[in-house]
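Novice: following is a predicted model, sequence given first.
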Amino acid sequence: MKSLRHKFNILVLSLEKQIFRGLRVLYRSTHRKKRPSSYPFLTGDSFRELADHIYDETTPSFNSDAVNSGDIVFVGSPFLRIFLQTYHQKINTKYILIEHNGDDQVTEDILPYLDDKIYRFYAQCALVTHEKITPIPIGVENLHHGNNFLWLLKKVPKKNKVPRIFYHFSNQTNPKERIPAALFFKTHQLMDTITSFIPYRPYKNLLNSYAFVASPAGNTLGSHRTWEALYLHTVPIVKRTPDAEACASYGLPLWILDDWLELEDYTEEKLQEKYLEMMNTAKFDALFMDYWITKINEDQRIIRGEQ
């Protein structure tokens, strides 16, 4: 009887997973051209909504002559190099560049394009540092992918969190980083996971109950789950990268490691102390679009000589 019930539960979870995926695919296909902002939350499309000009998969071309002083140009990550090589050269004024919505990384080959015309470059996948580059968070998943942000509006971060580390990710995404991490996590006495599919909301409730979540790099160095955790005041544990260090410098509670082995000697008591210490100094302003809108508006005023 127990074996039969177990098989039934597995079947139900499998069907639920397929239904969930099917509904998301249907939503994406019917909302392909709708790219709503998720304000006040951080998403690529929330940044996209700020732009005066857009170059991504929805735009077949770009009119460089239409860019005026202080304008905001949004470029989808996969199109960044094409934009810089083809259209940036034809722009004849200072503007603000925002890159988001993709996995392509900003590396040293981009630096020669950062001339006087680009006043500020807000980059999602920055692997290099430069005075013109301001790393921005990947944030949570875009609304047009079928995610529902109402839970963020209603969900209050749990105060009495379990002083342990939760992890739940697919090794197929960035296996070079995630497989070694998963092997270590399985041996750590203070790390918990689930091995089966879990629906979206129960997952968020589980995440909300933990003080920490281990967040190895996925398709990009950032991860949507890192930012979901931050909204719930669950501290993400990440490996050191330029964009992680930049986001920590904004006051966000990111626990940055050089090696996962640094977690080896922690006890629940030490994790509790670490969590309280990080929460006491944490600032969450950079989790919301108003923080970035203020920065971008300030850049515009400087470019246009309004200060």
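Specialist: Thanks, I have the structure now.
Novice: okay, now the unreliable bits of this protein?
Specialist: Residues of the chain meeting the criterion pLDDT under 70: 1-33, 145-154, 172, 218-222, 306-307.
Novice: same thing but 80
Specialist: Scanning the chain with the threshold set as pLDDT under 80 gives 1-34, 144-156, 170-174, 196-197, 200-201, 217-223, 306-307.
Novice: show me it divided up by domain.
Specialist: What automatic domain parsing lists as the domains of the chain is 1-30, 44-143+289-303, 150-285.
Novice: distance to P36 and mean neighbour count added to the ones you listed, as CSV?
Specialist: C-beta here means a position set from N, CA and C on the backbone, and glycine is covered the same way. Shown next, in CSV, are the domains of the chain (distance: least, C-beta to C-beta, whole Å; neighbours: other C-beta atoms under 10 Å):
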stretch, distance to P36, mean neighbour count
domain 1-30, 12, 11
domain 44-143+289-303, 5, 18
domain 150-285, 14, 16
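Novice: for the ones you listed, which one sits closest to S37?
Specialist: Comparing the domains of the chain by their distance to S37 (C-beta to C-beta), the top pick is domain 44-143+289-303, with 3.9 Å.
Novice: from the chain's centroid, how far away is the closest one?
Specialist: The chain centroid and the centroid of domain 44-143+289-303 are separated by 17 Å under C-alpha atoms, centre = their mean, to the nearest Å.
Novice: all helices for the stretch 101-250 of the chain, in order.
Specialist: Using DSSP state H, counting those that start in this stretch, the helices assigned to the stretch 101-250 of the chain run over residues 150-154, 175-187, 200-208, 224-231, 242-249.
Novice: wait, which of these is closest to R301?
Specialist: That would be helix 242-249 among these, by C-beta to C-beta, at 22.8 Å.
Novice: make TSV from the domains of the chain and add distance to S37 to it.
Specialist: As requested, the domains of the chain are exported to TSV (distance: least, C-beta to C-beta, whole Å):
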stretch	distance to S37
domain 1-30	17
domain 44-143+289-303	4
domain 150-285	14
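Novice: which among these is found nearest to S38?
Specialist: domain 44-143+289-303 (4.8 Å).
Novice: end-to-end on the closest one?
Specialist: Start-to-end span of domain 44-143+289-303 (C-alpha to C-alpha, to the nearest Å) is 24 Å.
Novice: return the residues in contact with the closest residue to S37 other than its chain neighbours.
Specialist: Distances taken as C-beta to C-beta, 6 or more residues apart in numbering place E49 nearest to S37, at 3.9 Å, with adjacent residues excluded. Shown in contact with E49 (C-beta atoms under 8 Å, 6 or more residues apart in numbering): R35, P36, S37, Y39.
Novice: switch the cut-off to 10 Å
Specialist: By C-beta atoms under 10 Å, 6 or more residues apart in numbering, the contact list for E49 reads R35, P36, S37, S38, Y39, T43, F74, M289.
Novice: just the buried members of the residues you listed?
Specialist: Listed as buried from the contacts of E49 are R35, S37, S38, Y39, T43, F74, M289; burial here means 16 or more other C-beta atoms under 10 Å.
Novice: I'd like to know which of those residues are part of helices.
Specialist: Mapping these onto helices (DSSP state H) picks out M289.
Novice: closest one of the buried ones among the contacts of E49 to S170?
Specialist: Nearest to S170 among the buried ones among the contacts of E49: T43, at 21.0 Å, using C-beta to C-beta.
Novice: ok, the closest one to P180 distance?
Specialist: For T43, the distance to P180 equals 30 Å [C-beta to C-beta, to the nearest Å].
Novice: also V140?
Specialist: In terms of C-beta to C-beta, V140 sits 27 Å off from P180.
Novice: same deal with G251?
Specialist: The value you get for G251 to P180, if C-beta to C-beta is used, is 30 Å.
Novice: center of the protein, which residue is that?
Specialist: I138 (2.7 Å; C-alpha atoms, centre = their mean).
Novice: just the CA trace of stretch 165-181, in PDB.
Specialist: Provided in PDB are the C-alpha atoms of stretch 165-181 (Å, rounded to 0.1, in the frame of the first residue of the first chain):
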ATOM      1  CA  ILE A 165      21.300  26.700   4.300                       C
ATOM      2  CA  PHE A 166      18.700  25.700   1.600                       C
ATOM      3  CA  TYR A 167      19.700  24.800  -1.900                       C
ATOM      4  CA  HIS A 168      17.600  23.700  -4.900                       C
ATOM      5  CA  PHE A 169      18.900  24.000  -8.500                       C
ATOM      6  CA  SER A 170      19.500  22.100 -11.700                       C
ATOM      7  CA  ASN A 171      23.000  20.700 -12.400                       C
ATOM      8  CA  GLN A 172      22.200  20.900 -16.100                       C
ATOM      9  CA  THR A 173      22.500  24.700 -16.000                       C
ATOM     10  CA  ASN A 174      26.200  25.500 -15.700                       C
ATOM     11  CA  PRO A 175      27.300  22.000 -14.700                       C
ATOM     12  CA  LYS A 176      31.000  23.000 -14.400                       C
ATOM     13  CA  GLU A 177      30.100  25.200 -11.400                       C
ATOM     14  CA  ARG A 178      27.000  23.500 -10.100                       C
ATOM     15  CA  ILE A 179      28.000  19.800 -10.000                       C
ATOM     16  CA  PRO A 180      31.000  20.300  -7.700                       C
ATOM     17  CA  ALA A 181      28.900  22.600  -5.600                       C
END
